[in-house]
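# Curious how this folds, go ahead:
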Amino acid sequence: MHTLDETLATTTLQAAIDDAAASGGGTVVVPAGTHRTGALRLRSHVELHLEAGARLEFVPDPALYPPVEARWEGASSTIHQPCVYAHGETDVAITGRGTIDGGGAAWWDTFRHDRESLAHPRPTLVGIHECTRVTIRDVTLTNSPAWTVHPLLCEDVSVSGVRIHNPADSPNTDGINPESCRNVRISDCHIDVGDDCIAIKAGTERTAERVPCENITITGCTMVHGHGGVVLGSEMSGGIRNVVITGCVFSGTDRGIRLKSRRGRGGVVEDVRVANVIMDGVLCPFVINPFYFCGPDGKEPWVGDRSPHPVDDRTPAFRRIHLAHVTARGVHAAAAHLYGLPEAPLSEITLDDVAISFAEDAEPGVPAMAAGVEAVARAGIRVGYLADSAFTRVRVVGAVGPEVTAEASPTLRLTDVTGRIERDDTGVSRASSTPATEQATREEHLA
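Prediction:
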């Protein structure tokens, strides 16, 4: 065990990590007190352990974070090295009751007012890239310059008992973003951030390799504020599959469960199960949006076009998404916004035992970030271009207008759904069985 005294700087911290690795592994203990440092690099078989009262404060000087090759918002890029970084390592861990402070305020100010002065995108707080057997446990993470925890191209990742606190207005400070990873377990975390709380990603069309994010479990977490509770996409070109979300509470997030992409991204999101979730004060509990307009090319006319386009490997697909035993109270904008592309309908979307009610003082909001979607308040479930889908035991209380509005979804089955239902199943010939066949071929290719 390598124990550090109270006067450490970057070189001493890094030397302790390197010495532990050179001796075959071990635990580097950071004692109580404040330790100001620049970027640190973890090594194989080394645990960085922060004792209760220990505080790692990362100094916001770009010179302390040398450039590294990674991904930025799903595309291959050169970025400033993460505050705590590992690349190509095995069996790395960050544990303890201490705090890691990324000194984000200075980075956010530069991003808002002088982003051209940054040679590279801001560092993430914890960036673990191409590693195997990763453990992050019990620490408090705060003031991240950008994304807080970013496992990229990793296998066997466990994040548990972690508290993440970033100001509600801090830019791009997502909580936990596994990207193109396999076998990820996120449990018992509390996340309060300025962007998505948990976002599952798999690269964009600008990433040469197509690596899925798969076998992800999220359980026993609380998410407050943030743009979304659990989000899949919009970077999904490698595919996202086998995701289970259970036993979580979302409070005050803009959206609850949110799936997003757009034409040009390609990829398949499939086999997602959400169960036993409570939401309170959210803008919109459920969103599936393949017309997402943020980021590069997002404002191109073909992204928001509501007429059908040819189906090819750039067409995103969503299928086998199951939402059950969910209560959402104090909803503001809409009960749900679930829309497929006219050329690629959502497939096998189910809602079962779902109860939604609205805030008495509901404030208007835009359910999905897409062209043509207007701000609403107390709108019901709005769906379009759903195939082979079913809503069962669904309650929507307090909607202004129909509880369910369905467009171009002739095979949508409604059983024990309360309230007024408006359906317009005209024009469905545009969504023929051909896209489904082509998507099946794509699935075999991705596998």
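
# Could you pull up the mean pLDDT of stretch 187-195?
Across stretch 187-195, pLDDT averages out at 97.

# let me fix that: stretch 257-273
97.

# Stretch 17-33 too?
Stretch 17-33 carries an average pLDDT of 97.

# Likewise for stretch 367-376?
Averaged across stretch 367-376, the pLDDT comes to 96.

# likewise stretch 115-125?
For stretch 115-125, mean pLDDT rounds to 95.

# Report the buried residues of that stretch.
Neighbour counts over stretch 115-125 (16 or more other CB atoms under 10 Å) mark 120-125 as buried. C-beta: built from backbone N, CA, C; applies to glycine.

# Among the residues you listed, which are located in strands?
For the buried residues of stretch 115-125, not one is inside strands, with DSSP state E as the criterion.

# out of these, what pair is the most spread apart?
Farthest-apart pair in the buried residues of stretch 115-125 is 120 and 125; separation 15.7 Å (CB to CB).

# how would you label residue 173: helix, strand or coil?
Secondary structure state of residue 173, per DSSP: H, G, I helix; E, B strand; the rest coil, is coil.

# Could you do residue 69 as well?
Strictly by three-state DSSP, residue 69 counts as strand.

# Who are the packing partners of the one helix or strand residue 355 maps to?
Following DSSP states H and E, one finds residue 355 within strand 346-358. Strand 346-358 sits against strand 284-289, strand 317-331, strand 334-339, strand 386-387, strand 390-397, with contacts defined as 3 or more CB pairs under 8 Å, 6 or more residues apart in numbering; DSSP states H and E.

# Now do it against strand 390-397: the angle between them, please.
Strand 346-358 and strand 390-397 meet at an angle of 20 degrees, taking axes from the mean of the first three to the mean of the last three CA atoms, to 10 degrees as the criterion.

# strands paired with strand 346-358, and their directions?
Applying DSSP bridges to the sheet, strand 346-358 is found paired with strand 317-331 (parallel), strand 386-387 (parallel), strand 390-397 (parallel).

# Nearest to residue 67, out of the ones you listed?
Between residue 67 and these, the tightest spacing by CB to CB is seen for strand 317-331, at 35.7 Å.

# Just put the strands paired with strand 346-358 in a markdown table and tack on distance to residue 83.
A markdown table is the format used below for these (distance: least, CB to CB, whole Å):
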| stretch | distance to residue 83 |
| --- | --- |
| strand 317-331 | 35 |
| strand 386-387 | 43 |
| strand 390-397 | 44 |
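
# which stretch among those strands comes nearest residue 274?
The nearest among those, by CB to CB, is strand 317-331 at 4.7 Å.

# Give me the distance from that closest one to the chain's centre.
The chain centroid and the centroid of strand 317-331 are separated by 16 Å, computed with CA atoms, centre = their mean, to the nearest Å.

# among the strands paired with strand 346-358, which is the most enclosed?
Ranked by mean neighbour count, the strands paired with strand 346-358 are led by strand 386-387 with a mean of 24 (mean count of other CB atoms under 10 Å).

# Parallel or antiparallel, list what pairs with the following helix or strand past the strand holding residue 355.
Once the chain leaves strand 346-358, the next helix or strand it forms, by DSSP H and E, is strand 379-384. Here strand 379-384 has these sheet partners by DSSP bridges: strand 334-339 (parallel), strand 404-407 (parallel).

# do you know how far residue 319 is from residue 303?
Residue 319 is 21 Å from residue 303, where distance means CB to CB, to the nearest Å.

# Tell me which stretches of the protein form helices.
Counting by DSSP state H, residue ranges of the helices within the chain are 10-22, 104-113, 301-304, 434-446.

# possible to save the helices and strands packed on strand 346-358 as CSV with mean pLDDT and distance to residue 351?
Below are the helices and strands packed on strand 346-358 laid out as CSV (pLDDT from 0 to 100; distance: least, CB to CB, whole Å):
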stretch, mean pLDDT, distance to residue 351
strand 284-289, 98, 8
strand 317-331, 98, 5
strand 334-339, 98, 8
strand 386-387, 97, 11
strand 390-397, 98, 5
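
# how about the ones you listed in CSV, adding distance to residue 148?
Listed next are the helices and strands packed on strand 346-358 as CSV, based on distance: least, CB to CB, whole Å:
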stretch, distance to residue 148
strand 284-289, 22
strand 317-331, 26
strand 334-339, 27
strand 386-387, 34
strand 390-397, 34
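
# Looking at those strands, which is nearest to residue 347?
strand 317-331 (4.0 Å).

# quick check: angle from the closest one to strand 284-289?
Relative orientation of strand 317-331 and strand 284-289, computed by the same axes, to 10 degrees: 160 degrees.

# mind saving the C-alpha coords of strand 317-331 as CSV?
Taking Å, rounded to 0.1, in the frame of the first residue of the first chain, the C-alpha atoms of strand 317-331 are listed here in CSV:
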residue,chain,number,x,y,z
ALA,A,317,-34.0,1.9,-36.0
PHE,A,318,-35.6,1.4,-32.6
ARG,A,319,-37.3,-1.8,-31.6
ARG,A,320,-38.3,-3.9,-28.6
ILE,A,321,-38.5,-1.1,-26.1
HIS,A,322,-40.6,-2.1,-23.0
LEU,A,323,-41.7,0.3,-20.3
ALA,A,324,-43.6,-1.2,-17.3
HIS,A,325,-44.7,-0.3,-13.8
VAL,A,326,-43.9,3.4,-14.0
THR,A,327,-45.5,6.3,-12.2
ALA,A,328,-44.9,9.9,-13.3
ARG,A,329,-46.5,12.7,-11.3
GLY,A,330,-46.3,16.5,-11.7
VAL,A,331,-45.6,16.2,-15.5
